[in-house]
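Enquirer: Could you work out the structure for the sequence below:
(one chain, ligands or ions: 1)
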Amino acid sequence: MKGLFITFEGIDGCGKTTQIEMLSGDLQKEGIPFVLIREPGGTSIGEKIRTILLDKANSGMDERTELLLYEAARAQIVREKIIPELQSGKVVICDRFYDSTIAYQGYARGLDLKEIDFLNNWSAAGIKPDITFLLDLDEETAYRRRHGRSDEEDRLEAEGLLFMKKVRGGYLSRSKEDARFQVLDALKTPEEIYQQIRKTVWEVVQK
Ligand code: TMP
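Expert: As a prediction, this is how the structure comes out:
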(Lines give C-alpha, C1' and ligand atoms only; values in the text may rest on other atoms or scores of the structure.)
Protein backbone atom coordinates (compact mmCIF):
# COMPACT_ATOMS: atom_id res chain seq x y z
CA MET A 1 0.00 0.00 0.00
CA LYS A 2 1.19 3.52 -0.82
CA GLY A 3 0.29 5.51 2.31
CA LEU A 4 1.79 5.60 5.77
CA PHE A 5 -0.10 4.15 8.72
CA ILE A 6 0.82 5.71 12.08
CA THR A 7 -0.81 4.74 15.37
CA PHE A 8 -0.61 6.32 18.82
CA GLU A 9 -0.96 4.23 21.95
CA GLY A 10 -0.72 4.62 25.71
CA ILE A 11 -2.74 4.54 28.90
CA ASP A 12 -5.52 7.08 29.41
CA GLY A 13 -3.97 10.43 30.31
CA CYS A 14 -0.58 9.75 28.63
CA GLY A 15 -0.77 12.84 26.39
CA LYS A 16 -1.58 11.20 23.04
CA THR A 17 -4.06 13.87 22.03
CA THR A 18 -1.52 16.70 22.35
CA GLN A 19 1.03 14.83 20.23
CA ILE A 20 -1.53 13.95 17.60
CA GLU A 21 -2.56 17.60 17.38
CA MET A 22 1.07 18.71 17.00
CA LEU A 23 1.72 16.15 14.25
CA SER A 24 -1.49 16.98 12.38
CA GLY A 25 -0.70 20.69 12.56
CA ASP A 26 2.74 20.10 11.05
CA LEU A 27 1.49 17.83 8.26
CA GLN A 28 -1.14 20.40 7.40
CA LYS A 29 1.40 23.23 7.33
CA GLU A 30 3.65 21.29 4.99
CA GLY A 31 0.80 20.24 2.71
CA ILE A 32 1.20 16.50 3.32
CA PRO A 33 -2.18 14.79 2.80
CA PHE A 34 -3.34 13.01 5.93
CA VAL A 35 -6.42 11.85 7.79
CA LEU A 36 -6.90 11.65 11.50
CA ILE A 37 -9.15 8.99 12.94
CA ARG A 38 -9.76 7.36 16.28
CA GLU A 39 -10.61 3.97 17.68
CA PRO A 40 -13.11 2.98 18.77
CA GLY A 41 -15.12 5.19 16.43
CA GLY A 42 -14.16 7.07 13.31
CA THR A 43 -17.18 5.89 11.30
CA SER A 44 -20.85 6.49 12.01
CA ILE A 45 -21.31 2.83 13.00
CA GLY A 46 -18.10 2.88 15.02
CA GLU A 47 -19.10 6.02 16.93
CA LYS A 48 -22.32 4.28 18.00
CA ILE A 49 -20.29 1.29 19.20
CA ARG A 50 -17.98 3.70 21.04
CA THR A 51 -20.92 5.18 22.94
CA ILE A 52 -21.94 1.70 24.13
CA LEU A 53 -18.37 0.84 25.12
CA LEU A 54 -17.64 3.97 27.11
CA ASP A 55 -21.05 4.39 28.76
CA LYS A 56 -20.65 3.98 32.52
CA ALA A 57 -24.20 2.64 32.69
CA ASN A 58 -22.85 -0.50 30.98
CA SER A 59 -20.87 -1.61 34.01
CA GLY A 60 -22.26 -5.13 33.62
CA MET A 61 -20.64 -5.65 30.21
CA ASP A 62 -18.97 -9.04 29.87
CA GLU A 63 -15.30 -8.76 28.84
CA ARG A 64 -15.95 -10.88 25.75
CA THR A 65 -18.75 -8.53 24.69
CA GLU A 66 -16.32 -5.68 25.22
CA LEU A 67 -13.63 -7.35 23.11
CA LEU A 68 -16.01 -8.09 20.26
CA LEU A 69 -17.38 -4.55 20.23
CA TYR A 70 -13.87 -3.12 19.88
CA GLU A 71 -13.21 -5.60 17.08
CA ALA A 72 -16.53 -4.74 15.41
CA ALA A 73 -15.72 -1.04 15.39
CA ARG A 74 -12.29 -1.91 13.98
CA ALA A 75 -13.62 -4.12 11.19
CA GLN A 76 -15.71 -1.16 10.04
CA ILE A 77 -13.07 1.57 10.17
CA VAL A 78 -10.41 -0.57 8.51
CA ARG A 79 -12.56 -1.25 5.47
CA GLU A 80 -14.47 2.03 5.33
CA LYS A 81 -11.56 4.41 6.00
CA ILE A 82 -8.07 3.08 6.68
CA ILE A 83 -7.54 0.86 3.63
CA PRO A 84 -9.04 3.33 1.10
CA GLU A 85 -7.07 6.26 2.55
CA LEU A 86 -3.81 4.30 2.52
CA GLN A 87 -4.50 3.18 -1.03
CA SER A 88 -4.91 6.82 -2.04
CA GLY A 89 -1.43 7.49 -0.61
CA LYS A 90 -2.36 9.44 2.51
CA VAL A 91 -0.77 9.44 5.93
CA VAL A 92 -3.33 7.83 8.24
CA ILE A 93 -2.98 8.79 11.89
CA CYS A 94 -5.01 6.59 14.17
CA ASP A 95 -5.58 7.47 17.81
CA ARG A 96 -5.35 3.87 19.15
CA PHE A 97 -5.50 0.66 17.13
CA TYR A 98 -5.25 -3.03 17.89
CA ASP A 99 -2.40 -2.75 20.39
CA SER A 100 -4.98 -1.15 22.70
CA THR A 101 -6.95 -4.39 22.56
CA ILE A 102 -3.89 -6.42 23.51
CA ALA A 103 -3.07 -4.06 26.39
CA TYR A 104 -6.60 -3.44 27.75
CA GLN A 105 -8.58 -6.61 26.97
CA GLY A 106 -5.54 -8.91 27.00
CA TYR A 107 -3.09 -7.85 29.70
CA ALA A 108 -5.55 -5.90 31.88
CA ARG A 109 -8.79 -7.87 31.53
CA GLY A 110 -6.94 -11.16 31.21
CA LEU A 111 -8.40 -12.49 27.97
CA ASP A 112 -6.23 -14.85 25.95
CA LEU A 113 -3.52 -13.01 23.99
CA LYS A 114 -3.37 -15.49 21.11
CA GLU A 115 -7.13 -15.31 20.62
CA ILE A 116 -6.97 -11.52 20.63
CA ASP A 117 -4.13 -11.56 18.09
CA PHE A 118 -6.27 -13.71 15.84
CA LEU A 119 -9.29 -11.41 16.17
CA ASN A 120 -7.14 -8.31 15.73
CA ASN A 121 -5.74 -9.57 12.44
CA TRP A 122 -9.14 -10.73 11.31
CA SER A 123 -10.86 -7.41 11.95
CA ALA A 124 -7.88 -5.45 10.61
CA ALA A 125 -7.81 -7.48 7.36
CA GLY A 126 -4.15 -8.22 8.07
CA ILE A 127 -3.01 -4.61 7.85
CA LYS A 128 -0.35 -3.46 10.27
CA PRO A 129 0.75 0.01 11.40
CA ASP A 130 4.06 1.20 9.89
CA ILE A 131 4.94 3.19 13.01
CA THR A 132 3.43 2.97 16.49
CA PHE A 133 4.24 5.68 19.01
CA LEU A 134 3.78 4.41 22.55
CA LEU A 135 3.60 7.23 25.07
CA ASP A 136 4.79 5.52 28.20
CA LEU A 137 3.66 6.97 31.51
CA ASP A 138 3.18 5.64 35.03
CA GLU A 139 -0.41 5.20 36.09
CA GLU A 140 -0.27 7.67 39.01
CA THR A 141 0.86 10.59 36.84
CA ALA A 142 -1.68 9.65 34.18
CA TYR A 143 -4.41 9.58 36.81
CA ARG A 144 -3.44 13.03 38.11
CA ARG A 145 -3.40 14.41 34.57
CA ARG A 146 -6.83 12.97 33.82
CA HIS A 147 -8.24 14.49 36.98
CA GLY A 148 -6.88 17.88 36.04
CA ARG A 149 -9.22 17.79 33.04
CA SER A 150 -12.82 18.83 33.23
CA ASP A 151 -14.36 15.93 31.27
CA GLU A 152 -15.96 13.12 33.21
CA GLU A 153 -14.34 9.67 33.37
CA ASP A 154 -15.65 7.04 30.96
CA ARG A 155 -16.22 3.34 31.74
CA LEU A 156 -12.63 2.30 30.99
CA GLU A 157 -11.00 5.28 32.71
CA ALA A 158 -12.98 4.47 35.84
CA GLU A 159 -11.18 1.10 36.17
CA GLY A 160 -8.53 2.41 38.57
CA LEU A 161 -4.77 2.36 39.05
CA LEU A 162 -4.10 -1.39 39.10
CA PHE A 163 -5.93 -1.81 35.80
CA MET A 164 -3.90 0.99 34.18
CA LYS A 165 -0.68 -0.48 35.58
CA LYS A 166 -1.48 -3.75 33.80
CA VAL A 167 -2.33 -1.87 30.60
CA ARG A 168 1.02 -0.09 30.77
CA GLY A 169 2.89 -3.34 31.37
CA GLY A 170 1.06 -4.94 28.46
CA TYR A 171 2.06 -2.17 26.11
CA LEU A 172 5.69 -2.35 27.20
CA SER A 173 5.82 -6.13 26.68
CA ARG A 174 4.26 -5.85 23.25
CA SER A 175 6.58 -3.03 22.25
CA LYS A 176 9.60 -5.30 22.73
CA GLU A 177 8.23 -7.80 20.22
CA ASP A 178 7.88 -5.50 17.24
CA ALA A 179 10.26 -2.97 15.67
CA ARG A 180 7.42 -0.70 14.53
CA PHE A 181 7.10 0.56 18.14
CA GLN A 182 8.79 3.71 19.27
CA VAL A 183 8.50 4.09 23.03
CA LEU A 184 8.47 7.70 24.21
CA ASP A 185 8.91 8.91 27.77
CA ALA A 186 5.65 10.80 28.40
CA LEU A 187 7.15 12.56 31.45
CA LYS A 188 9.14 14.75 29.07
CA THR A 189 7.66 18.05 27.88
CA PRO A 190 5.24 17.91 24.92
CA GLU A 191 7.83 19.73 22.77
CA GLU A 192 10.60 17.27 23.61
CA ILE A 193 8.36 14.30 22.87
CA TYR A 194 7.17 15.84 19.64
CA GLN A 195 10.73 16.38 18.36
CA GLN A 196 11.22 12.61 18.37
CA ILE A 197 7.90 11.99 16.66
CA ARG A 198 8.59 14.56 13.98
CA LYS A 199 12.06 13.18 13.29
CA THR A 200 10.73 9.64 12.84
CA VAL A 201 7.79 10.65 10.65
CA TRP A 202 9.77 13.07 8.48
CA GLU A 203 12.46 10.50 7.82
CA VAL A 204 9.75 8.43 6.13
CA VAL A 205 7.61 11.08 4.43
CA GLN A 206 10.62 12.79 2.85
CA LYS A 207 11.86 9.63 1.16
P1 TMP B 1 -9.83 7.07 24.13
O2 TMP B 1 -10.31 7.63 25.43
O3 TMP B 1 -8.35 7.07 24.01
O4 TMP B 1 -10.53 7.60 22.96
O5 TMP B 1 -10.17 5.47 24.12
C6 TMP B 1 -11.31 4.94 24.60
C7 TMP B 1 -11.06 3.88 25.64
O8 TMP B 1 -11.17 2.57 25.05
C9 TMP B 1 -9.70 3.93 26.32
O10 TMP B 1 -9.91 3.82 27.71
C11 TMP B 1 -8.99 2.70 25.80
C12 TMP B 1 -10.09 1.77 25.47
N13 TMP B 1 -9.80 0.78 24.42
C14 TMP B 1 -9.78 -0.58 24.73
O15 TMP B 1 -10.00 -0.95 25.89
N16 TMP B 1 -9.57 -1.47 23.72
C17 TMP B 1 -9.39 -1.10 22.41
O18 TMP B 1 -9.19 -1.95 21.54
C19 TMP B 1 -9.40 0.32 22.11
C20 TMP B 1 -9.19 0.78 20.69
C21 TMP B 1 -9.61 1.22 23.13
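
Enquirer: What is the one helix or strand in the chain whose mean pLDDT sits lowest packed up against?
Expert: None of the helices or strands of the chain scores lower by mean pLDDT, DSSP states H and E than helix 139-147, at a mean of 91. Counting contacts by 3 or more CB pairs under 8 Å, 6 or more residues apart in numbering; DSSP states H and E, helix 139-147 packs against helix 161-177. In this view, the C-beta of every residue, glycine as well, is placed from N, C-alpha and C.

Enquirer: quick one on the thing from earlier: ok, the least confident helix or strand of the chain near the ligand or not?
Expert: No. Using CB under 6 Å from any ligand atom, helix 139-147 stays clear of the ligand, coming no nearer than 9.7 Å.

Enquirer: So which bits of that helix are buried?
Expert: Buried residues in helix 139-147, counted by 16 or more other CB atoms under 10 Å: 139, 142, 143, 146.

Enquirer: hmm, stretch 158-172 in reach of the ligand?
Expert: No. Using CB under 6 Å from any ligand atom, stretch 158-172 stays clear of the ligand, with a minimum separation of 8.0 Å.

Enquirer: Not counting that stretch itself, show me its contacts.
Expert: In this structure, residues lying in contact with stretch 158-172 by CB atoms under 8 Å, 6 or more residues apart in numbering are 9-12, 56, 99, 102-104, 106-108, 134, 136-140, 142-143, 183.

Enquirer: and stretch 160-174, which residues are buried?
Expert: Result for stretch 160-174 [16+ other CB under 10 Å]: buried residues 163, 164, 165, 166, 167, 168, 170, 171, 174.

Enquirer: Could I get the residues you listed in TSV, plus columns for distance to residue 69 and pLDDT?
Expert: Output for those, formatted as TSV (distance: CB to CB, whole Å; pLDDT from 0 to 100):
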residue	distance to residue 69	pLDDT
163	18	96
164	20	96
165	24	97
166	20	98
167	18	98
168	23	98
170	19	98
171	21	98
174	21	98
